[in-house]
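*Asks:* the sequence and its predicted three-dimensional model are supplied below.
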Amino acid sequence: MLTFSANTKMADVIHGNYILIPVIRRFGIKFGFGNKSVSDVCNQYNINEEFFLEIINSFHNKDYFPDQKLQKFSSKLIIDYLSQTHKYFREIKIPEIQNNINLLEAGVLEQNVKNIKLINNFFKEYTKELFIHLEHEDKEIFPYIVKLRNAIKKKQASPELIESIRIKPIEKYQDHHDNMEEKLTDLKNLIIRFLPPVICQECCEKVLIELYRLEDDLNNHSMIEDKVLVPKVKLMEKEVLNYHE
Amino acid sequence: MSDYSKEHIIIISKQFLFRFGARSLLGILSSDYTITEAQSINKIIDQFDQIPYFNYIVASEDAFSENYKNEIDKLLSLHPYCKLMIVSSKICYSTPSISLVDSSDNQKTLLNKLETFFSSEEDQTKISGSEPSILSEREIDILKTVAMGLSNKEIADQLFISVNTVITHRKNITEKLGIKTIAGLTVFAILNNYIKPEDVKV
C-alpha cells in the first residue's frame, strides 16, 4: 500500500484516501493547496511535517502503526492533535450523525417510529458516555500530562504532582475504550440486522456510513492514546519520580 | 413474466386516479387476471360473501379508516392466504402478509415491488418481526432477563439453571446477534417485542 511522503502532493493525499479529509482539517489545513507538496503545506501552516505524515499514514494504512516513531514526538504535539480530534467528535461528527438519525426518525412509517426512537436513545446514551470520556481526558488527563512536562523541564515537581503520580498513574486511566467500541458495533448491528425497513433508505445509509467513519476515527484515536501517549506518559512519570528521589 | 392466470385482484382506493393507475400498472405486468375495484376496505369486508375468491389486494392508504389495524386483521382473518399491498406514506403494520409501498416510489421501484408481490418468492419488504426467530426459546428467556438488567446469578436462580449455563447461553446469544452490550441487547429485545420498555430496570 502507498505510503505518503513529504514530497507527495497534498491533493494526491486526498485523492489517495478521502477518509483523510477530516484529519487534514484537524490540523487546520484548508483546501486550495494547488500543487503544493505535504512539506510545503506543513511549512505554510507551521505543522510538524513528520508528525503529520505519521498520523495520515497510520490512518491510511491500518497495518502501518509506528508507535515507536510516534512516541518520539513531544507530548504537547500529541495532546494538541488529540484535543483537536475531541473537538471534531464533539462539534462536528456526533451532531452530524445525530442529525441524520433525527431525519430518519422524522421520515419513518408510523409503526416504525418506536424502533427508531430506541435506536436514537441508544445513540444518545452512547454519545453521553463518549462525551464524559472525552471531557475526562481534556480536563484531567491532558492537564496532568502538561504538569509532568513542566516538571521535567524545570527538573522539579510539586508534592501534589508526586502524589498524583503515586495514586493515579496513567495506567489507571486506560479504562473503557473497549466498552465504547462494543456499543458502536452493537448499534451498527441493530441497524443492519434488526431494524425493520425504513422509508428513507438514504438517511439510513448515511447514518451507517457515518458510524463506520466514526468507528475508524475512534479506533485510530484510541490507538494513539493507548500505544503512544500512555507509554510515553509512563516514561515521563518515571522521570519525574527520579528527579524527586 | 410470471403467469398470474385467473388471479383475482382487488384494488381499493377512494381515488379514481389511484384505481385507474393501479389497473394500468397491472396491465404492464400481465393481462390474465380479473380486477374488482372498491372504495374502502370496509366495503370489501361487508360484502365479503358476494365477492369471488381473491388472492391479492392493492390498497391506498385512504382505503382504511383510522382503525386500520383492526380492518387489516379482519380482512386477513377472512382470507388468510390473501396478500395485501398498501401504498402509503405513513401506514405501517407488522404482519407477514403485508407488503408496503411508498407512495413516492418511482416507476422502476414500483414495478419491481409489484413483480415481487405477485410472484411467489419471499417478499423483501416484509417487516422483520414476522421472520422466524433467530434465537431459541430458552435463549429468548435468557435474553429477556438480561435485558431487564438481572445479573447472571439472579438469572440462574430465576430460571433454575446454573450460572455456567447462563454464561453459555449469553455467549451464544451474542454470537447469533452480533450484539454484546446489555444496552444493545435491551434494544434488540424491545425491537422484537420480547419485553416492554417499561420492564427495563433503570
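*Replies:* Good, I have the coordinates.
*Asks:* just name the shakiest helix or strand of chain A by mean pLDDT.
*Replies:* Every helix and strand of chain A was ranked by mean pLDDT, DSSP states H and E. The lowest is helix A:67-71, at a mean of 82.
*Asks:* what mean pLDDT does the next helix or strand after that helix have?
*Replies:* Sequence-wise, the next helix or strand downstream of helix A:67-71 (DSSP states H and E) is helix A:75-88. Helix A:75-88 shows a mean pLDDT of 94.
*Asks:* for stretch A:202-218, same thing?
*Replies:* Here stretch A:202-218 scores 92 as its mean pLDDT.
*Asks:* likewise for stretch B:9-24?
*Replies:* For stretch B:9-24, the per-residue pLDDT averages 90.
*Asks:* that one: end-to-end distance?
*Replies:* Length of stretch B:9-24, first residue to last, C-alpha to C-alpha, to the nearest Å: 13 Å.
*Asks:* can you show me the helices along the chain?
*Replies:* Let's take chain A. Taking DSSP state H as the test, the helices found in chain A are A:10-16, A:21-26, A:38-45, A:49-60, A:67-71, A:75-88, A:94-106, A:113-136, A:142-154, A:159-167, A:177-189, A:201-223, A:230-244.
*Asks:* not quite, go with chain B.
*Replies:* Counting by DSSP H, the helices of chain B are B:16-29, B:41-46, B:68-78, B:107-118, B:137-147, B:152-159, B:163-177, B:182-191.
*Asks:* please determine how far the residue nearest to the spatial centre of chain A is located from chain B.
*Replies:* Ranked by distance to the mean C-alpha position of chain A (C-alpha atoms, centre = their mean), the top residue is residue A:221 at 3.4 Å. Using C-beta to the nearest C-beta, to the nearest Å, one obtains 20 Å as the distance from residue A:221 to chain B. The C-beta positions use only the backbone N, C-alpha and C, and glycine is treated the same way.
*Asks:* so who does that residue touch?
*Replies:* A:82, A:85 (C-beta atoms under 8 Å, 6 or more residues apart in numbering or on different chains).
*Asks:* tell me the pLDDT at it?
*Replies:* For residue A:221, the model assigns a pLDDT of 90.
*Asks:* my read: residue B:65 touches residue B:42, true?
*Replies:* Yes - contact criterion C-beta atoms under 8 Å: residue B:65 and residue B:42 qualify, at 6.8 Å.
*Asks:* ok, the residue nearest to residue A:225 when sequence neighbours are not counted - contacts?
*Replies:* What sits nearest to residue A:225 in space, not counting adjacent residues and going by C-beta to C-beta, 6 or more residues apart in numbering or on different chains, is residue A:82, at 6.9 Å. Contacts here follow C-beta under 8 Å, 6+ apart; on that basis residue A:82 touches A:137, A:142, A:221, A:224, A:225, A:229.
*Asks:* got it, and residue B:158?
*Replies:* B:145, B:150.
*Asks:* report pLDDT for it.
*Replies:* 92.
*Asks:* distance check, it against chain A.
*Replies:* 24 Å.
*Asks:* quick revisit: the residue nearest to the centre of chain A and residue B:55: what is the separation?
*Replies:* Between residue A:221 and residue B:55 the computed distance is 56 Å (C-beta to C-beta, to the nearest Å).
*Asks:* same thing with residue A:240?
*Replies:* For residue A:240, the distance to residue B:55 - C-beta to C-beta - is 81 Å.
*Asks:* looking at these two, which one has more neighbours?
*Replies:* Applying other C-beta atoms under 10 Å in any protein chain shown to residue A:240 and residue B:55 shows that residue A:240 carries more neighbours, namely 22 against 16.
*Asks:* that one contacts residue A:161, doesn't it?
*Replies:* Yes - the criterion here is C-beta under 8 Å, and residue A:240 meets it with residue A:161 at 6.9 Å.
*Asks:* shared neighbours of the two, anything?
*Replies:* Shared contacts of residue A:240 and residue A:161, defined by C-beta under 8 Å, 6+ apart, comprise A:148, A:151.
*Asks:* pick the most buried one from the helices of chain B.
*Replies:* Highest mean neighbour count among those (mean count of other C-beta atoms under 10 Å in any protein chain shown): helix B:182-191, with a mean of 22.
*Asks:* return the list of helices and strands in contact with that helix.
*Replies:* If contacts are counted by 3 or more C-beta pairs under 8 Å, 6 or more residues apart in numbering or on different chains; DSSP states H and E, helix B:182-191 sits against helix A:113-136, helix A:177-189, helix B:137-147, helix B:163-177.
*Asks:* related to what we said a few turns ago, please report how far the residue nearest to residue A:225 lies from residue A:164.
*Replies:* As for residue A:82, its distance to residue A:164 is 20 Å (criterion: C-beta to C-beta).
*Asks:* and residue B:102, how many neighbours?
*Replies:* Neighbour tally, residue B:102, other C-beta under 10 Å: 19.
*Asks:* is it bridged to anything, and to what?
*Replies:* residue B:88 (DSSP bridges).
*Asks:* pLDDT score assigned to residue B:172?
*Replies:* 95.
*Asks:* and residue A:102, what does it touch?
*Replies:* residue A:120 are the contacts of residue A:102 under C-beta under 8 Å, 6+ apart.
*Asks:* how near is it to chain B?
*Replies:* Distance from residue A:102 to chain B, by C-beta to the nearest C-beta: 17 Å.
*Asks:* from residue A:208, how far off is that residue?
*Replies:* 15 Å.
*Asks:* kindly report the same for residue A:198.
*Replies:* Counting by C-beta to C-beta, the gap from residue A:198 to residue A:208 is 11 Å.
*Asks:* who has more neighbours out of those two?
*Replies:* Neighbour count, other C-beta under 10 Å: between residue A:198 and residue A:208, residue A:198 has more, with 20 against 16.
*Asks:* what's that one in contact with, if anything?
*Replies:* Contacts of residue A:198 by C-beta under 8 Å, 6+ apart are A:104, A:107, A:108, A:109, A:112, A:116, A:204.
*Asks:* nearest to chain B, of those residues?
*Replies:* residue A:109 (3.2 Å; C-beta to the nearest C-beta).
*Asks:* look at that closest one and report its pLDDT.
*Replies:* 72.
*Asks:* repeat that for the one 10 residues further on.
*Replies:* As predicted, residue A:119 sits at a pLDDT of 94.
*Asks:* that one: neighbour count?
*Replies:* 21.
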